[in-house]
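S.K.: can't give you the sequence, but here's the structure:
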DNA sequence: TTATAAATGTTATATTATTACATACTGTTA
DNA sequence: TAACAGTATGTAATAATATAACATTTATAA
């Protein structure tokens, strides 16, 4: 199970904002949105984001420099993430597919490298955009 | 087969530099290295990088904002990329594993999304760093 | 309670990437 | 070859993303 983390004040403000958002949020858009709550500087945002990523409450979409709340109540998600990204509407969702995650978590090759984490991003067109 | 592209002057300068590098290169490090060749501005670098990525001669390592030359002579690689990244020495290499690429290229789920591209980044410790 | 780790606040700055606009080159085809 | 379209280049300015450095405060636990 995921360890229960007591979020600090800033962490909670920022997590709640991201969690409510239907789309990935960028750091400076987060900053803009929390300024009325007293969070004034980029570093305050980035520190909270770093922590939230570390404990798996949010994920960074690397190709977009944006953050979404974890959709997955199960454990280990911060070490094994997969997303689908629509290149037209930019909708992003977390893929929760146990076969996929099992396959990738168990992946090993001849390089002698020990993999402890992965991030996978699929790109394409979502149902809506496909039919346009 | 991969279409043969005649690289332009800037594209060639920048590709050659990246191709010779044993590690992923960042845009501004590339800029610094090609200034003696007359490429003076970030935009000149980014334009060449964009094109080189588009035609699959290089790949962007999203989690590192860095670029490496494609190690794969086969086609389609720019649409189906996988890398292993050592979190200690930051060594990055392209994974060429046909089972993995087949599995991911054929991946589909119930979302109704049509996937046309993916990027996968594995993290861990390489052989050398593991034994330290 | 005292020490330690974690979080916060603040200023400044570094790094990564794009906009906007003008010009030049390359290849095609009329 | 002239005209065109598409691609590439040059340049300046600026936007967007992220971190360094330092001082202080709060939470946790020994």
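M.R.: Yep, it's here. Just so it is clear, the model here is predicted, and its values are computed rather than measured. Numbers count the residues shown, from 1 in each chain, chains lettered A, B, ... in the order given.
S.K.: ok, which stretches of chain A are strands?
M.R.: In chain A, the strands defined using DSSP state E lie at A:58-61, A:66-69, A:80-86, A:92-94, A:114-125.
S.K.: Same list (the ones you listed) but as CSV, adding mean pLDDT, distance to residue A:9 and mean neighbour count.
M.R.: C-betas here are computed from N, CA, C, even on glycine. Shown next, in CSV, are the strands of chain A (pLDDT from 0 to 100; distance: least, Cβ to Cβ, whole Å; neighbours: other Cβ atoms under 10 Å in any protein chain shown):
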stretch, mean pLDDT, distance to residue A:9, mean neighbour count
strand A:58-61, 97, 17, 22
strand A:66-69, 98, 18, 21
strand A:80-86, 97, 27, 22
strand A:92-94, 96, 26, 17
strand A:114-125, 96, 29, 19
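S.K.: closest one to chain B among these?
M.R.: strand A:114-125 (4.1 Å; Cβ to the nearest Cβ).
S.K.: Neighbouring strands of that closest one in the sheet, and parallel or not?
M.R.: Strand A:114-125 sits in its sheet next to strand A:80-86 (parallel), strand B:114-125 (antiparallel), going by DSSP bridges.
S.K.: gap between the residue nearest to residue A:62 when sequence neighbours are not counted and DNA strand C?
M.R.: Leaving aside its sequence neighbours, residue A:62 sits nearest to residue B:62 (Cβ to Cβ, 6 or more residues apart in numbering or on different chains; 3.9 Å). Computed as Cβ to the nearest atom of the strand, to the nearest Å, the residue B:62 to DNA strand C distance reads 8 Å.
S.K.: same thing with residue A:119?
M.R.: 16 Å.
S.K.: What residues does that residue make contact with?
M.R.: Counting by Cβ atoms under 8 Å, 6 or more residues apart in numbering or on different chains, residue A:119 makes contact with A:62, A:81, A:82, B:63, B:120, B:121, B:123.
S.K.: Try it again at 10 Å.
M.R.: Residues near residue A:119 by Cβ atoms under 10 Å, 6 or more residues apart in numbering or on different chains: A:59-63, A:78-83, A:104, B:62-63, B:85, B:119-123.
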